[in-house]
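> no sequence on hand, only this structure:
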């Protein structure tokens, strides 16, 4: 599970449940800075209903699912290699940057270069 930022949680609590930032900050202090306890602390102080606590945990379950980013996947035959460049927020952003990567690889002597823009989550960025 990926970590969720405090700012994102605060935004959700403010926009979806109309909780004031200072209320959330005080509850966060009481929860030991741990997001998973925050809804229960807010409920304990009668700032949330049990239905709202369930709503928050449902949101956390979906918000913590990793989202795939856009990556440029470049394959070359000389050297026989696959490169991943990114991440990018959009396909358009990746498209804008692709020419610079091709130019760099060409200047370094790479040949037979093919390129794909894809949504992925590569672990290794250069594969020989």
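Received the coordinates, thanks. Just so we're clear, the structure is a prediction, and the values are computed from it rather than from any experiment.
> what's the burial count for residue 73?
Residues lying near residue 73 (other C-beta atoms under 10 Å) number 17. From N, CA and C alone the C-beta is placed, and that goes for glycine too.
> next, it: secondary structure please.
Taking DSSP: H, G, I helix; E, B strand; the rest coil as the rule, one finds residue 73 in the strand state.
> secondary structure element holding the spatially most central residue of the chain?
Among the residues of the chain, the one closest to the centroid is residue 67, at 5.5 Å (C-alpha atoms, centre = their mean). Under DSSP states H and E, no helix or strand contains residue 67.
> so what pLDDT did it get?
pLDDT, residue 67: 72.
> for this protein, which segments count as strands?
For the chain, the strands defined by DSSP state E occupy 69-76, 81-88, 114-120, 126-127.
> partner strands of the third one, parallel or antiparallel?
If I follow you right, that is strand 114-120. Paired strands of strand 114-120, with direction, are strand 69-76 (antiparallel) (DSSP bridges).
> can you list contacts of the strand it pairs with?
Identification of contacts with strand 69-76 by C-beta atoms under 8 Å, 6 or more residues apart in numbering yields 81-91, 93-94, 97-98, 101-102, 105, 110-122.
> quick one: it to strand 81-88, angle?
In terms of direction (axes from the mean of the first three to the mean of the last three C-alpha atoms, to 10 degrees), strand 69-76 departs from strand 81-88 by 160 degrees.
> how distant is strand 69-76 from the center of its chain?
Taking C-alpha atoms, centre = their mean, to the nearest Å, one finds strand 69-76 lying 18 Å from the centre of the chain it belongs to.
> off-centre distance for the longest helix along the chain?
Scanning the chain for the helix with the most residues, using DSSP state H, yields helix 91-107. Distance of helix 91-107 from the chain centroid (C-alpha atoms, centre = their mean) equals 22 Å.
> quick check: angle from it to strand 114-120?
140 degrees.
> buried sites along helix 91-107?
Applying a neighbour-count criterion of 16 or more other C-beta atoms under 10 Å, one finds 94, 98, 101-102, 105 buried in helix 91-107.
> with stretch 102-122 instead?
102, 105, 110, 115, 117, 122.
> and the contacts of that stretch?
With C-beta under 8 Å, 6+ apart, stretch 102-122 has contacts from 66, 68-79, 81, 83-84, 91, 94-95, 98, 101.
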